[in-house]
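K.L.:
Structure for this input, please:
(one chain, ligands or ions: 1)
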Amino acid sequence: MTVEAAGRPLVAIDRDRLAARLEHEVQAFRESHPRSLELSERSRTSLLFGVPMSWMARWAGGFPVFVEEAKGTRIVDVDGHEYVDLCLGDTGAMAGHAPEPVVQALAAQAARGSTAMLPTEDAALVGEELARRFGLPYWQFALTATDANRFALRLAREVTGRGKVLVFDWCYHGSVDEALAGMEAGIVGPRAGNVGPPIHPALTTKVVQFNDLDGLERALLAEDVACVLAEPALTNIGIVLPDDGFHDALRELTRSTGTLLAIDETHTLSAGPGGCTEAWGLDPDLVTVGKAIGGGMPAAAFGVSAELAERIMERTHADYEDTGGIGGTLAGNALSLAAVRATLEHVLTDEAFARTIPLAERFSADVVEAIEGAALPWHVTQLGCRAEYRFRPTPPRTGAEAAATIDDELDRYLHVHALNRGILLTPFHNMALMSPATTLADVEAHSEAFAQAVQDLVG
Ligand SMILES: Cc1ncc(COP(=O)(O)O)c(C=O)c1O
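P.N.:
This is a model prediction of the structure:
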């Protein structure tokens with residue numbers, strides 16, 4: 001959805017006012033979260049960066065709220081504040097927090113043993129369900145989407161005998177070395193801030209702008225790319241949707257150049273039960289998916305087409321079974337597969353998406369109304385049960401266009417303003433996700449808080 005200026009000039013942000021409003025909100029946050037502040041200060045003595053994982057330091061209030069309890073869409077923090085959670089563990093909790101079928105499956109499986117280096121019946125059932133949803137017949141499991149992507153790239157290199165990988169500029173596929181590449185003036189380099197890149201990514205990676213079919217063709221014509229690793233729509237630099245015909249052309253170009261196509265559905269599972277692969281009729285060689293499928297438990301999967309499975313099996317010298325590079329002792333463990341089965345069978349079902357996608361539509365419509373009301377040059381993009389607002393008037397076509405409008409101060413203001421009004425948004429985006437537990441009242445709570453944030457900003 002795009003903001004129409006409606007005959008009025010679009011309003012520029014008054015930076016002094018923004019800075020003052022941000023300071024006011026951060027101060028209010030600090031004062032109203034004494035217990036979280038205390039735990040945060042204590043954590044600094046034993047945790048690097050003062051948090052269990054460094055990115056948790058990124059929450060907008062200067063320290064994260066410490067969680068007492070999370071259930072459905074509600075999080076209660078250690079200061080007793082209750083939040084409507086639209087971050088949902090940035091997709092890890094897209095099934096809602098502690099969904100009952102998953103809680104029960106976990107309790108039952110934990111009592112029967114969590115990991116045994118042996119399969120359980122759940123593995124076969126989950127494989128069948130993933131095949132039904134995504135249309136690829138054969139599946140393997142990992143614990144994170146990062147690992148699923150790493151394994152997909154290894155398999156692609158193994159069967160094609162090619163060394164390179166192609167990704168789209170401003171993609172994110174987890175901490176996969178090859179995908180932490182960027183492009184500056186057409187030159188591939190380490191993504192800004194890349195921590196200790198193992199080798200220069202130009203040696204492993206080609207980078208093309210999303211929706212740039214000419215660039216894609218040029219990059220693939222050399223026939224040295226094993227695999228294009230792509231989200232069907234970029235989701236980690238705001239949402240960047242594909243142009244009409246982009247995916248057909250991507251598939252055609254990959255096929256004609258002998259390049260494999262891996263579609264990462266980790267975030268775009270928001271589009272429906274089988275992600276964009278099912279919703280848009282895509283036909284990839286590999287699909288990777290993580291986060292949400294475990295209903296909060298670490299779990300990920302990668303699927304391969306029948307043809308690729310044959311090529312994988314033909315490579316009899318490849319050590320798929322021991323120390324060949326694809327593995328993980330706890331991958332496919334009984335506990336995470338029990339959680340995946342319960343999530344797919346009972347929580348992230350076809351019916352659930354039929355309710356969550358309209359909620360994201362409503363979320364987007366309300367945000368557009370507030371943006372238009374204030375004549376701000378912002379827009380909202382929705383992808384299934386996920387929606388995101390960004391600070392440019394029209395949707396970007398490439399990651400670079402989306403990145404050009406990053407505004408950290410504005411992001412921070414909107415996030416801490418929302419936090420102070422009982423709304424959690426994902427810390428790296430202005431992203432909201434609807435779970436099967438999300439209600440219209442939750443969406444309206446955000447709409448009201450967002451309208452107020454806009455009002456406070458523009459006066
Ligand atoms: C599209 C996509 N793929 C993979 C990942 C990696 O997931 P994880 O951090 O669970 O390994 C992410 C994480 O944000 C992601 O957005």
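K.L.:
For the residue in the chain that the ligand sits nearest to, which non-adjacent residue is closest in space?
P.N.:
Nearest residue of the chain to the ligand, counting by CB to the nearest ligand atom: G174, 2.7 Å away. All C-beta atoms are positioned from the backbone trio N, CA, C, and that covers glycine. Once flanking residues are discounted, G174 sits nearest to T146: 3.0 Å by CB to CB, 6 or more residues apart in numbering.
K.L.:
wouldn't that neighbour be in contact with D177 here?
P.N.:
No. Using CB atoms under 8 Å, T146 makes no contact with D177, being 10.1 Å away.
K.L.:
Give me the phi and psi for the nearest residue to A292 once chain neighbours are set aside.
P.N.:
By the measure of CB to CB, 6+ apart, the closest residue to A292 outside its immediate chain neighbours is M94, 3.8 Å from it. Dihedral pair for M94: phi -60, psi -20, per degrees, to the nearest 10.
K.L.:
R341: what secondary structure?
P.N.:
helix (DSSP: H, G, I helix; E, B strand; the rest coil).
K.L.:
Identify the residues contacting the residue nearest to it when sequence neighbours are not counted.
P.N.:
Excluding the flanking residues, the one nearest R341 by CB to CB, 6+ apart is D122, at 4.5 Å. By CB atoms under 8 Å, 6 or more residues apart in numbering, the residues touching D122 are Q109, A334, L337, A338, V340, R341.
K.L.:
ok, the last one - contacts?
P.N.:
To tie it back to what came earlier, the one meant is R341. Here R341 is in contact with A105, D122, L125, V126, E129 (CB under 8 Å, 6+ apart).
K.L.:
Just among those, which is most surrounded?
P.N.:
V126 (27 neighbours; other CB atoms under 10 Å).
K.L.:
Checking my notes, that residue in a helix, right?
P.N.:
Yes. Assigned with three-state DSSP, V126 falls within a helix.
K.L.:
With only the CA atoms kept, save the longest helix along the chain in CSV.
P.N.:
For the chain, the helix with the greatest residue count under DSSP state H is helix 350-373. Only the C-alpha atoms of helix 350-373 are listed here, as CSV (Å, rounded to 0.1, in the frame of the first residue of the first chain):
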residue,chain,number,x,y,z
ASP,A,350,-4.4,-23.6,6.7
GLU,A,351,-7.2,-22.2,8.8
ALA,A,352,-4.8,-20.2,11.0
PHE,A,353,-3.5,-18.4,7.9
ALA,A,354,-7.1,-17.6,6.8
ARG,A,355,-7.4,-15.6,10.0
THR,A,356,-3.9,-14.1,10.4
ILE,A,357,-3.6,-12.7,6.8
PRO,A,358,-6.7,-10.5,7.1
LEU,A,359,-5.4,-9.2,10.5
ALA,A,360,-2.2,-8.1,8.7
GLU,A,361,-4.5,-6.5,6.0
ARG,A,362,-6.2,-4.6,8.8
PHE,A,363,-2.9,-3.6,10.4
SER,A,364,-1.7,-2.3,7.1
ALA,A,365,-4.9,-0.3,6.4
ASP,A,366,-4.8,1.3,9.8
VAL,A,367,-1.1,2.3,9.4
VAL,A,368,-1.8,3.7,6.0
GLU,A,369,-4.6,5.8,7.4
ALA,A,370,-2.4,7.3,10.0
ILE,A,371,0.4,7.9,7.5
GLU,A,372,-2.0,9.5,5.0
GLY,A,373,-3.6,11.6,7.8
